[in-house]
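Peer 1: compute the structure for the input listed below.
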Amino acid sequence: MYRFLAPLARPATYSRWLHLISPVAVASVWMFISPETPWVLMLMAVPVGLVPAMRLAEGIQGQLLLTPWERGRRGAAITVAPSSTWADRWRTVLWLEVRLLLAIPVMFATVWLPATSVDLVITGFGGGPSNDWLVRGVEPHWWYVLLTPFPILLLLGVVTVGGNVAMAAARRLLGPTAREKMTALEERTEQLLERNRIARELHDSIGHALTVAVVQAGAARAANDPAFTERALAAIEETGREALDDLERVLRVLRESGKPIAGQPTLVEADRLLDSARGSGAKVEAEVSGALDLVPGPVSREGYRILQESLTNALRHAGTVPVRVRIGVVDGWLELEVANPLTGTTSISGGGSGLRGIRERAALLGGKAKTGPYDGEWRVHASLPLERIR
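Peer 2: The predicted structure follows:
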């Protein structure tokens, strides 16, 4: 019993009822003008449905009244967009025809079934034979009053079934086309890629700053030298400010959805990474060859992040050990390598999110990256193409 009565407690049942009977307002005007030609309404739906904006209007009504829980949501079953192809227009025409056909029985039920309940009450209390077509000529009896709820229940059943049919038809005829689904999927994919990239940005910049701060603080405490402690605090302050700038930039992008990230550091600014690592106590030997200022922006930005993550891993897992950095532009490729001696605490799993992010960055640019132990060292080597990016 609950299964049959549950739809009566749903607000969507009554909003669909309104959606079903609203075309009658237009139909009643025409029937007042020409009651002998109701079929003209079906013909009028053809040119109206071919108007591109009609799909938009019907989609708004459908989301608002047929599927109110999907209103404004991405991936809604009913599209809110004008017709872009002739196929969309003809589907809109078919939807208008279906809507008119559903409106007729629902409207008759809405008018006559409550009237029947009223006539049953009047007849049951001795009001004389009813003129209602369902109980016409019936002699009055008191027990007719007990039948009063049944026409109302029948009306609600008609409304529920009609609403479900209208919702199914709207999803079929006003739903997103294959092209619209593909466009929505592409937009969703772009958003997910952007979020993953922002996560990598935060991991690299904030992780690097925290690693430098921890190493600097530990070295200052171990050195017990006021001059070194002052230099360490200055390095921590500078690194922290740079991390705050990166964090503010990323959060600004998150607040202002759709705007590209601007002002990202590039390999031209690699010196500040090297100086930061040196300030942490590491002996960094850098070799740079080629014109880094001519490297395409995407490659230079990703190269900077790869270098940042590589130095962070070296400081975090190996401590203040000698680090060798080579950056070069050779035969249309950006070659970047960071190597440090293996120590007893160096992680060689290669499964961390930072190392995975290095490989992902290189792969997205059509390059490759290798991370792991080699000949007594931990090496990160990335090769990024330049020409295909241009």
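Peer 1: which stretches of the protein form strands?
Peer 2: Using DSSP state E, the strands of the chain run over 284-289, 323-330, 333-341, 368-374, 377-385.
Peer 1: how about the contacts made by residue 84?
Peer 2: 52, 179 (C-beta atoms under 8 Å, 6 or more residues apart in numbering). Every residue, glycine included, has its C-beta placed from N, CA and C.
Peer 1: pLDDT score for it?
Peer 2: In this model, residue 84 is scored at 83, pLDDT.
Peer 1: the one 4 residues further on now?
Peer 2: We note a pLDDT of 89 for residue 88 in this prediction.
Peer 1: over to residue 12?
Peer 2: pLDDT recorded at residue 12 is 86.
Peer 1: excluding its backbone neighbours, what's nearest it?
Peer 2: Counting by C-beta to C-beta, 6 or more residues apart in numbering, residue 68 is the residue found nearest to residue 12 once chain neighbours are left out, at 5.8 Å.
Peer 1: now the one you found: how far from residue 9?
Peer 2: 15 Å (C-beta to C-beta, to the nearest Å).
Peer 1: looking at these two, which is more packed in?
Peer 2: Taking neighbours as other C-beta atoms under 10 Å, residue 68 and residue 9 compare with residue 68 leading, 14 against 8.
Peer 1: list the contacts of that one.
Peer 2: Neighbouring residues of residue 68 by C-beta under 8 Å, 6+ apart: 11, 12, 15.
Peer 1: please read off the pLDDT at the nearest residue to the first one once chain neighbours are set aside from the model.
Peer 2: Which is residue 11. Leaving aside its chain neighbours, residue 11 sits nearest to residue 68 (7.2 Å; criterion: C-beta to C-beta, 6+ apart). At residue 68, the model reports a pLDDT of 88.
Peer 1: do the same with the one 10 residues further on
Peer 2: Confidence per residue is given as pLDDT, and for residue 78 that number is 88.
Peer 1: residues near the closest residue to it other than its chain neighbours, how many?
Peer 2: In space, and not counting its chain neighbours, residue 78 is closest to residue 62: 4.1 Å by C-beta to C-beta, 6+ apart. If you count neighbours by other C-beta under 10 Å, residue 62 ends up with 30.
Peer 1: let me see the contact set for residue 62.
Peer 2: 19, 78, 170, 174.
Peer 1: all helices of the stretch 101-250 of the chain, in order?
Peer 2: Taking DSSP state H, counting those that start in this stretch as the criterion, the stretch 101-250 of the chain contains helices spanning 149-173, 178-223, 226-255.
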